[in-house]
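1. Turn this into a structure:
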Amino acid sequence: MDYRSQYEMWCESPVFDEDTRRELKSLTDEKEIEDRFYKSLSFGTGGLRGVLGAGTNRMNIYTVGKATQGLANFINSQTKNGSVVIAYDSRRMSPEFALDSAKILAANGIKAYLFESLRPTPELSFAVGEIGATAGIVITASHNPPEYNGYKVYWTDGGQIVPPYDKLIIDEVNKIDNYADIRRISETEAREKGLLVTIGKEIDDKFDEAVMSLILNRDAISANRDMRIVYTPLHGTGNLPVRRILKKLGFENVWIVPEQAEPDGNFPTVSYPNPEDKKAFKLALDLAKKVDAEIVLATDPDADRLGVYAKDKLSGEYMPFTGNMSGLLIAEYELSQRREKGLLPADTKNGALVTTIVSSNMAHPIADEYGLTVIETLTGFKYIGEQIKLFEEARKANGGKLCAAKGAYEYEFGYEESYGCLVGTHARDKDAVTAVVCLCEAAAYYRQKGLTLWDVMLNMYKKYGCYLETLSFVTLGGADGAEKIQNIIKKLREHSPVELGGKKVIAVRDYKSGLRRELATGNCAPTGLPVSNVLYFELEDDGWCCVRPSGTEPKIKFYYGVKEKTLEDAERLLSAVKDDMTKEVEAE
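-> Model prediction:
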């Protein structure tokens, strides 16, 4: 059925409510109609994400309902006593999508545990494991612009769905071709049948305990409880849990940005509720200067990403940290303290530092320093969370013993460049609530030694080398844009650059073909990772560039990394590599 036929069907069918039909009939722009109906919003390997509105290519109760019905069908094919935990963030329609999903699950005989109000994504991940649920759903579009919402699915280990479950669930969703096949019962009936229950404080308390159990130096916190911290939840879910846990730990001087404290899906004080965006920190930095804060922190709407600024005591300026920098700084603190306390595996390489192919290569010298193995995954924290499950399964098969050769690792830390990390295994997704807590602990510990977090970062550059990374992207919306994105990657695949920033390209990893090819010899070897439409160009002297389409937005992303002896040299080289890749793409 073409887009026009789909549009007319939605306008007339009694399956769709009057508000939906009225919205569609009011449209006059044919391009807008085409964009809403030229395809169905795809249920990908993590779930749904898209612009709110009526249509097959939009987030609404029908597309979300289809996803939930497909998930319900899959759960019922696997177990007779399925259950699902549901959480949601502060975005528009999040509570409505969450409740509707609960009613659909109940109609299919699946018990839904629905949080009483908005909660962070990491708490959802924790709750799935704590309750022993079959699956989890979180309604969020993470850091996307205000017009977006999303729907992510988690499996019984608390991690996002990965193979084979992702494809199996997608198949069930795609089998539903009639929105009338979505089954629902009323909230009252669902509660009377015991198929919809509310959860809240009891899970909050257990989540708090799990986070606080990770603290390594309570004495440092006690001695520095007056440390000045500014925090903003950017109108999202982080406000209550972050404030609650920091208070329990004894931090006394925590300022919350008042204009951004309350949940608001319109995100009125920012154009883009993303802690990666420096503009999102304006109000927080203004407050930091007013109260002379030492660290400035921001979490995104579902509190899985953390942005950081730290005051440089020499210049008095607040210095920004990239996701790589903050993740690696937390890793350095956690690993150094665990080694000091004898908490790392006794046998070298049995502990694992897990990261992604587009994250900083500084992970490798840090892992060497602490006797760990680096495990690299494809982009996406779900693959990092999956490794925890694989480690546990391998240890069980090995009689509970660690053995790197058999994949029976102990998870020590995981991070990705997109401002996400995970300390501990209480959750199986990136956890900005815990990251805030651990970073504040680290700041207190180093403060005792007369060091700021910026001092620590500069010391890490001296110790491991000046690794710098950046990201660029091109947005290409609509059907034409999607085709252009694929054409860019196709041409780069067929005509690889031979030099970027004056550094030779020594090898190309094509994760679609699954091969790594050396340019000098033509020799090929397996990449060792699942198939994905990603290209990775290895450069001389530990530099690299990676190209991939975004999984959540109409963008093609370019990741860059270099290593030099000084920050100034690294900045120049990084700029040159980025400029040369931009020219390669424009030439296409």
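2. Hmm, residue 553 is touching residue 144, no?
-> Yes. Counting by CB atoms under 8 Å, residue 553 touches residue 144, with 6.7 Å between them. (Glycine included, C-beta is placed from N, CA and C.)
3. the more surrounded of the two?
-> Between residue 553 and residue 144, residue 144 has the larger neighbour count (other CB atoms under 10 Å), namely 21 against 16.
4. Pretty sure the more buried one sits in a helix.
-> No. Membership of residue 144 in a helix is not supported by DSSP: H, G, I helix; E, B strand; the rest coil, which gives coil.
5. Next, it: phi, psi?
-> In terms of degrees, to the nearest 10, the main-chain angles of residue 144 are phi -70, psi 160.
6. ok, it to residue 277 distance?
-> 12 Å (CB to CB, to the nearest Å).
7. rewinding a little: what residues are shared contacts of residue 553 and residue 144?
-> In the contact map built from CB atoms under 8 Å, 6 or more residues apart in numbering, the residues linked to both residue 553 and residue 144 are residue 49.
8. For the nearest residue to residue 435 once chain neighbours are set aside, grab the count of nearby residues.
-> Distances taken as CB to CB, 6 or more residues apart in numbering put residue 306 closest to residue 435, at 4.4 Å, once the chain neighbours are dropped. Residue 306: 29 surrounding residues under other CB under 10 Å.
9. surely residue 306 meets residue 439?
-> Yes. The pair residue 306 and residue 439 qualifies as a contact (CB under 8 Å) at a distance of 7.3 Å.
10. Mind listing the shared neighbours of the two?
-> Shared contacts of residue 306 and residue 439, defined by CB under 8 Å, 6+ apart, comprise 297, 326.
11. Packing partners of the worst-scoring helix or strand of the chain on mean pLDDT?
-> Ranked by mean pLDDT, DSSP states H and E, the helix or strand of the chain with the weakest confidence is helix 478-494, at a mean of 88. For helix 478-494, the packing partners by 3 or more CB pairs under 8 Å, 6 or more residues apart in numbering; DSSP states H and E come out as helix 30-37, strand 466-475, strand 535-539, strand 544-549, strand 555-564, helix 567-587.
12. quick one: buried residues of that helix?
-> Residues of helix 478-494 classed as buried: 485, 488-489, 492 (neighbour count, 16 or more other CB atoms under 10 Å).
13. Which two among the residues you listed are spaced furthest apart?
-> Maximum pairwise distance among these (CB to CB): 11.3 Å, between 485 and 492.
14. contacting residues around the closest residue in space to residue 233 that isn't next to it in sequence?
-> Of all residues not flanking residue 233 in the chain, residue 239 sits nearest, at 4.1 Å (CB to CB, 6+ apart). Shown in contact with residue 239 (CB under 8 Å, 6+ apart): 233, 256, 261-263.
15. just residue 147 next, same as before
-> Residue 147 sits next to 51-52 when contact means CB under 8 Å, 6+ apart.
16. Look up phi and psi at it.
-> Dihedral angles (degrees, to the nearest 10) for residue 147: phi -70, psi -10.
17. what's the answer for residue 145, then?
-> Backbone torsions of residue 145, given as degrees, to the nearest 10, read phi -60, psi 170.
18. burial measure for it, as a count.
-> Neighbour count for residue 145, taken as other CB under 10 Å: 14.
19. check contacts around it.
-> Residues in contact with residue 145 (CB under 8 Å, 6+ apart) are 271-273.
20. phi, psi of the residue nearest to residue 233?
-> Phi and psi for residue 239, reported as degrees, to the nearest 10, are phi -50, psi -60.
21. do you know how far it is from residue 86?
-> 20 Å.
22. same check, this time on residue 448
-> The value you get for residue 448 to residue 86, if CB to CB is used, is 43 Å.
23. neighbour count winner among those two?
-> The neighbour count for residue 448 versus residue 86, taken as other CB under 10 Å, is higher for residue 86 (26 against 12).
24. Surely that one is in a strand?
-> Yes. Note on residue 86: a strand contains this position according to three-state DSSP.
25. Settle this for me: it is touching residue 115, isn't it.
-> Yes. With contact defined as CB under 8 Å, residue 86 reaches residue 115; the gap is 6.8 Å.
26. tell me, what's touching those two both at once?
-> If you check residue 86 and residue 115 against CB under 8 Å, 6+ apart, the residues they both contact are 98, 124.
27. count of neighbours near residue 530?
-> 12.
28. give me phi/psi at it?
-> phi -60, psi 160.
29. How about residue 112?
-> Given degrees, to the nearest 10, the pair of backbone angles that residue 112 has is phi -110, psi 130.
30. what do you get for residue 510?
-> phi -110, psi 100.
31. Make 24 the starting number, not 1.
-> Noted, 24 is the first residue going forward, which turns the last one into residue 533.
32. Over to residue 325. Which of the three states is it?
-> What three-state DSSP gives for residue 325 is coil.
33. so who does it touch?
-> 112, 143-144, 161, 163, 165, 259-260.
34. Residue 311 too?
-> 253, 319, 332, 334, 341.
35. Could the C-alpha coordinates of stretch 164-178 be exported in PDB?
-> Presented in PDB, the C-alpha positions along stretch 164-178 are these (Å, rounded to 0.1, in the frame of the first residue of the first chain):
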ATOM      1  CA  ALA A 164      13.900   9.000  23.500                       C
ATOM      2  CA  SER A 165      17.000   9.500  25.600                       C
ATOM      3  CA  HIS A 166      18.700  12.700  24.500                       C
ATOM      4  CA  ASN A 167      16.800  13.300  21.300                       C
ATOM      5  CA  PRO A 168      15.000  16.700  20.600                       C
ATOM      6  CA  PRO A 169      11.700  17.400  22.300                       C
ATOM      7  CA  GLU A 170       9.500  16.300  19.300                       C
ATOM      8  CA  TYR A 171      10.800  12.700  19.800                       C
ATOM      9  CA  ASN A 172       9.800   9.800  22.000                       C
ATOM     10  CA  GLY A 173      10.900   6.200  22.000                       C
ATOM     11  CA  TYR A 174      10.300   2.600  23.300                       C
ATOM     12  CA  LYS A 175      13.100   0.300  24.400                       C
ATOM     13  CA  VAL A 176      12.900  -3.300  25.300                       C
ATOM     14  CA  TYR A 177      14.900  -5.200  27.900                       C
ATOM     15  CA  TRP A 178      15.200  -8.900  28.500                       C
END
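36. Do a quick rundown of the helices in the stretch 74-223 of the chain.
-> Applying DSSP state H, counting those that start in this stretch to the stretch 74-223 of the chain gives helices spanning 84-101, 117-130, 144-154, 188-197, 210-215.
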